[in-house]
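Undergrad: next come a sequence and a model predicted from it.
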Amino acid sequence: MADLNLTPAAPRVRRPRPKVVTLTDAAAERVREIMGRAEVPYAGLRVGVKNGGCAGSEYIIEYAEAAAPLDEVVEDKGVTILIDPKAVLFLIGTEIDYEKTKLSAKFTFRNPNQTDACGCGESVTIEPSKALDA
């Protein structure tokens, strides 16, 4: 009779997943500054993508009072970033920056999945990341 080893296998150790979205130091500082002055406590910065504009998609950035049950939660430089699960594949590898010039101050997205943008800069074309196809 064969000796059956019924010892349960050790749980697999998962390697750390890369962050879907990261912030530059300037963006993190600006978000912390704004959230620190808010009249209500925010759970984090909500980032997403919606259909719209002449190029097909627009980035969404807003302050969230609570995380949704399926949000991807990213912690970066002291800021909690909440990402709608439908937007994750479109945002993988994105860096959010805060740029200030003499004429404007704005958050900008450096997204490797972005293939085009309209002339006014309000909308973009984004292809889903192939990072998870491997």
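TA: Structure's in. What do you need?
Undergrad: quick one, helices of this protein?
TA: 25-36, 88-91 (DSSP state H).
Undergrad: turn the ones you listed into CSV, columns for mean pLDDT and distance to Arg12.
TA: Just so you know, the C-beta spots here come from the backbone N, C-alpha and C atoms, and that holds for glycine as well. Compiled in CSV, the helices of the chain are given as follows (pLDDT from 0 to 100; distance: least, Cβ to Cβ, whole Å):
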stretch, mean pLDDT, distance to Arg12
helix 25-36, 95, 33
helix 88-91, 90, 22
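Undergrad: what sits against the residue nearest in space to the middle of the chain?
TA: Centroid-nearest residue in the chain: Val21, 3.6 Å away (criterion: Cα atoms, centre = their mean). Contact analysis of Val21 by Cβ atoms under 8 Å, 6 or more residues apart in numbering lists Val47, Val74, Asp76, Ile81, Ile83, Leu91, Thr94, Glu95, Ile96.
Undergrad: before we move on, what about Leu91?
TA: Val20, Val21, Val47, Gly48, Val49, Ile83, Asn111, Asn113, Ser129.
Undergrad: make TSV out of these and add pLDDT.
TA: Formatted as TSV, the contacts of Leu91 follow (pLDDT from 0 to 100):
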residue	pLDDT
Val20	91
Val21	94
Val47	94
Gly48	91
Val49	88
Ile83	95
Asn111	86
Asn113	80
Ser129	71
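Undergrad: buried ones among those residues?
TA: For the contacts of Leu91, a burial check counting by 16 or more other Cβ atoms under 10 Å picks out Val20, Val21, Val47, Gly48, Val49, Ile83, Asn111, Asn113, Ser129.
Undergrad: could the residues you listed go into JSON lines alongside distance to Glu39?
TA: Shown next, in JSON lines, are the buried ones among the contacts of Leu91 (distance: Cβ to Cβ, whole Å):
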{"residue": "Val20", "distance to Glu39": "29"}
{"residue": "Val21", "distance to Glu39": "26"}
{"residue": "Val47", "distance to Glu39": "22"}
{"residue": "Gly48", "distance to Glu39": "23"}
{"residue": "Val49", "distance to Glu39": "28"}
{"residue": "Ile83", "distance to Glu39": "25"}
{"residue": "Asn111", "distance to Glu39": "31"}
{"residue": "Asn113", "distance to Glu39": "35"}
{"residue": "Ser129", "distance to Glu39": "37"}
